[in-house]
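generate a structure from the sequence data that follows.
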Amino acid sequence: MPESNAQEHARGHRRTKIIATIGPATDADGVLEAVLAAGVDVVRINFSHGTPEAHRERVRRVRAFCEAQQCHIGVLGDLQGPKIRIERFAEGCVVLEEGEPFVLDTRLAPDAGTVERVGIAYQRLPEDVRPGDVLLLDDGRLVLDVEQVSREEIVTRVRVGGPLSDSKGINRFGGGLSAPALTEKDRADIELAAELGVDYLAVSFPRDAEDVREARLLLRQAGGTGGIIAKIERPEALEVVDEIILASDGIMIARGDLGVEIGDAELPAVQKRLIHKARTLNRVAITATQMMESMIHSPIPTRAEVFDVANAVLDGTDAVMLSAETASGEYPVEVVKAMGRICRAAEAQPVATRSDHRIHTRFQRVDEAIAMATMYTANHLGVRAIAALTESGSTPLWMSRISSGIPIYALTRHVHTSRKVTLYRGVYPANIKTVHTSHAQANRDAIELLKARGVVEDGDLVIITKGDLMGVDGGTNAMKIVRVGELVDAEQ
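Predicted coordinates:
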């Protein structure tokens with residue numbers, strides 16, 4: 001099932017994947033379809049906003065587009081997590097003045113906030129806070145120094161003031177808030193995610209690997225088969241990040257809350273370290289939050305945003321993510337196209353195609369060794385493309401951990417595998433029937449598919465990987481180098 005010419009052109013063999021959040025801005029007739037055609041690889045459903053009915057309709061439209069265009073686009077469901085927020089003000093908004101006292105009061109009615117005090121939705125917050133702590137409101141725009149704490153209220157003094165409106169978030173500098181990662185709303189949304197057949201489920205504010213494992217168990221119990229993405233948003237998660245990464249299928253570097261709690265200046269180094277760790281541990285890395293924020297209201301990005309996206313690509317991220325830019329922004333199609341241009345330009349730099357990944361590591365599995373050998377050979381032999389016949393997508397994932405400019409095609413008979421690999425850097429899904437096919441026929445089918453897509457032509461070198469027993473998960477044990485146009489009928 002080859003992709004449509006329009007989809008192939010929009011991606012242009014861009015290796016870094018684009019995740020676009022869909023929402024009210026994409027609901028108008030034809031807008032969602034135009035956004036997808038602009039080059040989106042994965043759509044994000046944000047369970048923090050919208051109704052189940054709206055989510056169902058958006059996913060239905062994405063699947064219908066894929067069927068019509070003969071392409072694959074993944075779906076990522078993103079759980080809200082424990083939102084620790086203030087309640088509401090009687091007048092809708094107040095202005096906090098520097099040096100003035102301000103009280104967070106668990107006893108206050110939800111809509112009775114004033115310039116002197118406001119209610120808090122998370123009733124256990126006083127248990128997590130001590131005098132001398134620093135609380136940050138509205139993504140760090142307002143800063144409060146904690147002076148006194150009782151069972152019912154937190155007395156603070158405003159260090160950095162400004163306007164404050166309803167339901168803004170509360171963070172503690174340095175982290176340490178005890179709210180559980182999965183709320184009752186999240187548990188209900190996991191049921192919805194399973195119903196929608198999401199390909200990935202993102203877990204907000206996990207504290208440790210057990211939070212990730214619990215989310216996976218709940219998704220499986222609900223009948224879902226998607227992978228789990230751990231959003232790194234808490235400082236305490238950084239202390240056990242290797243365990244979190246290994247318990248997940250990938251991580252999202254959610255730079256909003258993380259930046260508030262560890263400090264903005266720490267973020268760039270943490271982002272680079274997390275991307276490197278994820279790739280080293282054979283997991284996916286997503287870079288998110290405010291990547292093209294100005295394009296919510298502007299048709300072009302700022303130069304700082306161009307550098308931000310490009311640096312994430314050069315760091316080796318698998319995907320870059322758009323949030324409000326596409327969900328509620330004024331230029332959802334333009335922002336996808338702009339992000340695609342930036343990614344392709346960054347990928348053209350030599351540093352983006354060089355790798356020493358695991359060059360000194362002993363491999364544990366045959367299929368993993370084949371994947372590594374394939375990439376080493378491809379990068380040193382002038383191979384035009386790689387065709388990996390795969391059941392689960394594991395072999396293309398391992399291949400994609402090696403920096404390269406060579407496209408990797410995941411040839412599979414499973415729709416869920418095709419959707420899963422849409423998140424892997426440099427990997428492109430394609431449908432092929434191989435279970436009851438001879439090795440010689442599988443070779444021919446793979447080459448014909450690549451030729452039909454315009455990826456290769458006569459004389460090009462292609463590497464094909466597959467197993468002796470095709471259709472068996474984890475069975476890849478062979479690598480074959482083929483010159484297009486020459487005999488490919490050998491049984492191996």
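
now do the contacts for residue 242.
Neighbour list for residue 242: 277, 281 [criterion: Cβ atoms under 8 Å, 6 or more residues apart in numbering]. C-betas here are computed from N, CA, C, even on glycine.

and it, how close does it get to residue 251?
11 Å (Cβ to Cβ, to the nearest Å).

also residue 66?
26 Å.

which of the two has more neighbours?
Taking neighbours as other Cβ atoms under 10 Å, residue 66 and residue 251 compare with residue 251 leading, 29 against 20.

mind checking the SS state of that one?
Under the three-state scheme (DSSP: H, G, I helix; E, B strand; the rest coil), residue 251 adopts strand.

touching, it and residue 227? I think so.
No - when contacts are counted by Cβ atoms under 8 Å, residue 251 is not listed as touching residue 227 (11.4 Å).

so for the closest residue to residue 132 other than its chain neighbours, what's the pLDDT?
Spatial nearest neighbour of residue 132, chain neighbours left out: residue 146 (6.5 Å); criterion: Cβ to Cβ, 6 or more residues apart in numbering. Residue 146 is assigned 98 on the pLDDT scale.

go on, residue 178?
For residue 178, the predicted pLDDT is 86.

who's in contact with it?
Neighbour list for residue 178: 124, 127, 128 [criterion: Cβ under 8 Å, 6+ apart].

for the first one, give me its contacts.
Residues counted as contacts of residue 124 (Cβ under 8 Å, 6+ apart) are 178, 179.

try 10 Å this time
84, 106, 177, 178, 179 (Cβ atoms under 10 Å, 6 or more residues apart in numbering).

for my notes, confirm residue 267 occurs in a strand.
No - Residue 267: not assigned to a strand; according to three-state DSSP it is helix.

ok, it touching residue 238?
No - applying Cβ atoms under 10 Å, one finds residue 267 not in contact with residue 238, separated by 11.4 Å.

which neighbours do these two share?
residue 258.

who's more crowded, these two?
Neighbour count, other Cβ under 10 Å: between residue 267 and residue 238, residue 238 has more, with 18 against 15.

and that one, what helix or strand is that in?
Per DSSP states H and E: residue 238 is located in helix 235-239.

tell me who's in contact with the nearest residue to residue 133 once chain neighbours are set aside.
Spatial nearest neighbour of residue 133, excluding adjacent residues (Cβ to Cβ, 6+ apart): residue 146 at 4.3 Å. Residue 146 makes contacts with 104, 126, 129-135, 154-157, 172, as judged by Cβ under 10 Å, 6+ apart.

let me have the residues you listed in CSV, extended by secondary structure.
Below are the contacts of residue 146 laid out as CSV (three-state DSSP):
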residue, secondary structure
104, strand
126, helix
129, coil
130, coil
131, coil
132, coil
133, coil
134, strand
135, strand
154, strand
155, strand
156, strand
157, strand
172, strand
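
still on that earlier bit, just the closest of the contacts of residue 178 to residue 460, please.
Proximity of those to residue 460 (Cβ to Cβ) peaks at residue 128, which lies at 60.1 Å.

give me the phi and psi for the closest one.
Backbone torsions of residue 128, given as degrees, to the nearest 10, read phi -100, psi 0.

pretty sure it is touching residue 177, no?
Yes - using Cβ under 10 Å, residue 128 is in contact with residue 177, at 5.0 Å.

which one of the two has more residues nearby?
It is residue 177, of residue 128 and residue 177, that has more neighbours when counted by other Cβ under 10 Å, with 21 against 17.

could you give the number of residues near residue 307?
Counted with other Cβ under 10 Å, residue 307 comes out at 13.

picking up where we left off before, which neighbours do residue 128 and residue 177 share?
Common neighbours of residue 128 and residue 177, using Cβ under 10 Å, 6+ apart, are 84, 122.

quick check: closest non-adjacent residue to residue 156.
Leaving out its chain neighbours, the residue that sits closest to residue 156 by Cβ to Cβ, 6+ apart is residue 144, at 3.8 Å.

a strand runs through that neighbour, doesn't it?
Yes - using three-state DSSP, the assignment for residue 144 is a strand.

how much space between it and residue 154?
8 Å.

what sits in contact with each of those two?
Joint contacts of residue 144 and residue 154 (Cβ under 10 Å, 6+ apart) are 102, 103, 104, 133, 135, 170.

number of nearby residues for residue 407?
20.

roughly how far is the helix or strand hosting residue 416 from the heart of the chain?
Per DSSP H and E: residue 416 is located in helix 415-420. Centre-to-centre, helix 415-420 and its host chain are 16 Å apart (Cα atoms, centre = their mean, to the nearest Å).

name the single longest helix found in this structure.
Under DSSP state H, the helix in the chain containing the largest number of residues is helix 52-69.

what packs against that helix?
Under the contact criterion of 3 or more Cβ pairs under 10 Å, 6 or more residues apart in numbering; DSSP states H and E, helix 52-69 touches helix 5-11, helix 31-37, strand 42-46, strand 74-78, helix 184-196, helix 415-420.

let's see it at 8 Å
The helices and strands touching helix 52-69, judged by 3 or more Cβ pairs under 8 Å, 6 or more residues apart in numbering; DSSP states H and E, are helix 31-37, strand 42-46, helix 184-196.

could I get the ones you listed as JSON lines with distance to residue 364, mean neighbour count and mean pLDDT?
Below are those laid out as JSON lines (distance: least, Cβ to Cβ, whole Å; neighbours: other Cβ atoms under 10 Å; pLDDT from 0 to 100):
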{"stretch": "helix 31-37", "distance to residue 364": "38", "mean neighbour count": "20", "mean pLDDT": "98"}
{"stretch": "strand 42-46", "distance to residue 364": "29", "mean neighbour count": "25", "mean pLDDT": "98"}
{"stretch": "helix 184-196", "distance to residue 364": "31", "mean neighbour count": "18", "mean pLDDT": "98"}
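
let's have the ones you listed in a markdown table, adding distance to residue 25.
Formatted as a markdown table, the helices and strands packed on helix 52-69 follow (distance: least, Cβ to Cβ, whole Å):
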| stretch | distance to residue 25 |
| --- | --- |
| helix 31-37 | 7 |
| strand 42-46 | 12 |
| helix 184-196 | 20 |
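
mind telling me what element residue 245 is part of?
helix 241-247.

in that helix, what counts as buried?
By 16 or more other Cβ atoms under 10 Å, the buried positions in helix 241-247 come out as 241, 244, 245, 247.

related to what we said a few turns ago, so how far is residue 452 from the residue nearest to residue 133?
Distance check for residue 146 against residue 452: by Cβ to Cβ, it reads 64 Å.

and residue 407, by the same measure?
Residue 407 sits 14 Å away from residue 452 when distances are taken as Cβ to Cβ.

again, but for residue 153
68 Å.

now swap in residue 88 and tell me
58 Å.

what sits against the most centrally placed residue in the chain?
Centroid-nearest residue in the chain, with Cα atoms, centre = their mean: residue 286, separated by 4.0 Å. Contact analysis of residue 286 by Cβ under 8 Å, 6+ apart lists 19, 229, 250, 251, 252, 253, 317, 318, 319, 320, 321, 423.

can you redo those as JSON lines with distance to residue 25 and pLDDT?
Shown next, in JSON lines, are these (distance: Cβ to Cβ, whole Å; pLDDT from 0 to 100):
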{"residue": "19", "distance to residue 25": "15", "pLDDT": "98"}
{"residue": "229", "distance to residue 25": "23", "pLDDT": "98"}
{"residue": "250", "distance to residue 25": "26", "pLDDT": "98"}
{"residue": "251", "distance to residue 25": "27", "pLDDT": "98"}
{"residue": "252", "distance to residue 25": "21", "pLDDT": "98"}
{"residue": "253", "distance to residue 25": "24", "pLDDT": "98"}
{"residue": "317", "distance to residue 25": "24", "pLDDT": "97"}
{"residue": "318", "distance to residue 25": "25", "pLDDT": "98"}
{"residue": "319", "distance to residue 25": "20", "pLDDT": "98"}
{"residue": "320", "distance to residue 25": "18", "pLDDT": "98"}
{"residue": "321", "distance to residue 25": "16", "pLDDT": "98"}
{"residue": "423", "distance to residue 25": "23", "pLDDT": "98"}
